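**Q** Sequence first, then the predicted structure, then my questions.
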Amino acid sequence: MSPSIASTRFSVLDRSRTREGHDGPQALRETVRLAQEAEALGFHRFWVSEHHSVPGVAGSAPTVLAAAVAAVTSTIRVGTGGVMLPNHQPLVVAEQFGVLASLFPGRIDMGLGRSVGFTDGIRGALGRGKRDADDFAGQLGELLGWLDGTQQAHPQVHARPAEGLDIPPYILATGEGAAIAAAAGLPLVIGDLRGRDRLLRAVEVYRRDFRPSARSPQPYVIVAGTVAVAATEAAARRLLIPEAWSMAHSRTHGSFPPLAPAERVESLAMTERERSMFERGLAGHIHGTGEQVAAQLETAIGETGADEVLVTTSTYDRQGLLDSLRRLSALTGRTVGADRAAQGGRY
């Protein structure tokens, strides 16, 4: 039987996007409140991200933000989507997650990515370079060794309190990420849904080359993408407009601005290049009425065989975002706690 909405977990990723007229601290507080909403709606997990020196993103310290989220929730899994491992020493990452897992046992996910800062200035400030991403597999192996107590480089050193704790790792696929996840026998997080052909190839490689491990005896695929649900298709499209313009602006002007109201974006006199980038940013996302989104999700889940869908929706209209999550929750037929009890398992 092929996967369907009813048998698929749904989770939420929030990047703590700032909005025009609101500062970074407010964006972080809104992320925490959104996690509470996601828990109340029965979503399986809530993840936060890592970005450095990006004007439109407040989330720079994901493990700190994850702690704040976990502290005001009680059932939803909480994690990172993700910690960019090349930016950090594996021992420090192990220690941070050890603290989280000790304070909130059975609820912490360790999502790991291989990106480094996106400008020379940021990489320099972090003490990292582009080449630091080249040994992601080695960095991952060291991190897992700290968690297992099997690392050999420093036999007198131990990652306390992480060593021996059950902290599930997830690999965010960029470049070789799918192959690394398969070789390590770890769950894969891959997006976005717009690049369907590339996504399907990566998932195929992951499942083909997957090596069962103690952490994950079989492949586990989380597909990430933008999903917007509203009363009408036009209203759902409007939810996509602020992020599409922010991305278009970043690619044409070199700066990533806070999210602007959809009506202001629609009134802008865009250049031809801006308009092209903007329309490209709007294309391919799952959006529409509940019926339309359900059909699109069934197709995406059927094609990828996804075990889980990680939804991210960045928009200026916070009430519209909350309404979208409520409508999505209704589509999945989940109730609080039922998904976790029915599906069980470590993940």
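**A** Cool, the structure landed. Numbers count the residues shown, from 1 in each chain.

**Q** Most distant residue from the centre of this structure?
**A** Q156 (35.0 Å; C-alpha atoms, centre = their mean).

**Q** so that one sits in a helix?
**A** No - using DSSP: H, G, I helix; E, B strand; the rest coil, the assignment for Q156 is coil, not a helix.

**Q** how near is it to R215?
**A** Distance of Q156 to R215, given as C-beta to C-beta, to the nearest Å: 26 Å. To be clear about C-beta, it is placed using only N, CA and C from the backbone, and glycine gets the same treatment.

**Q** can you map out the helices along the stretch 51-200 of the chain?
**A** According to DSSP state H, counting those that start in this stretch, the stretch 51-200 of the chain carries its helices in the segments 62-71, 90-103, 120-126, 136-148, 177-184, 196-209.

**Q** repeat for the stretch 201-347 of the chain
**A** 233-253, 262-266, 272-282, 290-304, 318-332, 338-343.

**Q** one step back: how about the helices of the stretch 51-200 of the chain, which one is nearest F46?
**A** Using C-beta to C-beta as the criterion, the shortest distance between F46 and those is 6.1 Å, found for helix 62-71.

**Q** Does P258 touch H22 like I think?
**A** Yes - P258 is within contact range of H22, at 7.5 Å (criterion: C-beta atoms under 8 Å).

**Q** Could you list the low-confidence segments of the protein?
**A** For the chain, applying pLDDT under 70 flags the ranges 1-3, 118, 129, 132-133, 174-175, 194-195, 334-347.

**Q** which residues touch L13?
**A** Residues near L13 by C-beta atoms under 8 Å, 6 or more residues apart in numbering: F46, W47, V48, S49, G81, A224, L310, V311, T312.

**Q** ok so, going back, neighbour-wise, which of P258 and H22 wins?
**A** Set P258 next to H22 and count neighbours by other C-beta atoms under 10 Å: P258 wins out with 20 against 17.

**Q** Identify the residue spatially nearest to A244, adjacent ones excluded.
**A** Sequence neighbours aside, G281 is the residue nearest to A244 in space, at 3.3 Å (criterion: C-beta to C-beta, 6 or more residues apart in numbering).

**Q** quick one: the one you found and T226, what's the gap?
**A** Using C-beta to C-beta, one gets 10 Å for the distance from G281 to T226.

**Q** For the most centrally placed residue in the chain, which non-adjacent residue is spatially closest?
**A** The geometric centre of the chain, computed from its C-alpha atoms, lies nearest to G81 (C-alpha atoms, centre = their mean), at 3.8 Å. The shortest distance from G81 to any residue other than its chain neighbours is 3.6 Å, reached at W47 (C-beta to C-beta, 6+ apart).

**Q** which SSE is the one you found in?
**A** Of the helices and strands defined by DSSP states H and E, W47 is found in strand 45-48.

**Q** Report how many residues lie close to T271.
**A** For T271, the neighbour count with other C-beta under 10 Å is 11.

**Q** same thing with Q319?
**A** One way to gauge burial is a neighbour count; for Q319, by other C-beta under 10 Å, it gives 8.

**Q** can you check P55 too?
**A** P55 has 14 neighbours, counted by other C-beta under 10 Å.

**Q** Check E303 too.
**A** Residues lying near E303 (other C-beta under 10 Å) number 16.

**Q** Check the gap between the closest residue to it other than its chain neighbours and L13 for me.
**A** In this structure, E303 finds its nearest non-sequential neighbour in L200, 6.4 Å apart by C-beta to C-beta, 6+ apart. Summarising the geometry, the distance separating L200 from L13, computed by C-beta to C-beta, is 21 Å.

**Q** for I286, same thing?
**A** Taking C-beta to C-beta as the measure, I286 and L13 are separated by 14 Å.

**Q** just T232 next, same as before
**A** As for T232, its distance to L13 is 25 Å (criterion: C-beta to C-beta).

**Q** Repeat that for L100.
**A** As judged by C-beta to C-beta, L100 and L13 stand 17 Å apart.

**Q** Would you mind measuring from the closest residue to Q152 other than its chain neighbours to A179?
**A** With C-beta to C-beta, 6+ apart as the criterion, Q152 has its nearest non-adjacent residue at 7.3 Å, and that residue is G145. As defined by C-beta to C-beta, G145 lies at a distance of 20 Å from A179.

**Q** cool, D135 as well?
**A** Counting by C-beta to C-beta, the gap between D135 and A179 amounts to 14 Å.

**Q** and if you look at V32?
**A** From V32 over to A179 the distance is 35 Å, taken as C-beta to C-beta.

**Q** Tell me how many other residues crowd the spatially closest residue to L100 that is not a sequence neighbour.
**A** Nearest in space to L100, with sequence neighbours left out and distances taken as C-beta to C-beta, 6+ apart, is I108 at 4.6 Å. Applying the criterion other C-beta under 10 Å, we find 26 residues in the vicinity of I108.

**Q** got it, and E263?
**A** By the other C-beta under 10 Å criterion, the neighbourhood of E263 contains 10 residues.

**Q** ok, now which ones touch the nearest residue to P258 once chain neighbours are set aside?
**A** Distances taken as C-beta to C-beta, 6+ apart put T18 closest to P258, at 4.2 Å, once the chain neighbours are dropped. When the contact criterion is C-beta under 8 Å, 6+ apart, the partners of T18 are G24, Q26, A27, P55, G56, V57, A58, P258, L259.

**Q** what's the helix or strand for the third one?
**A** Right, the one you point to is A27. Following DSSP H and E, one finds A27 within helix 24-40.
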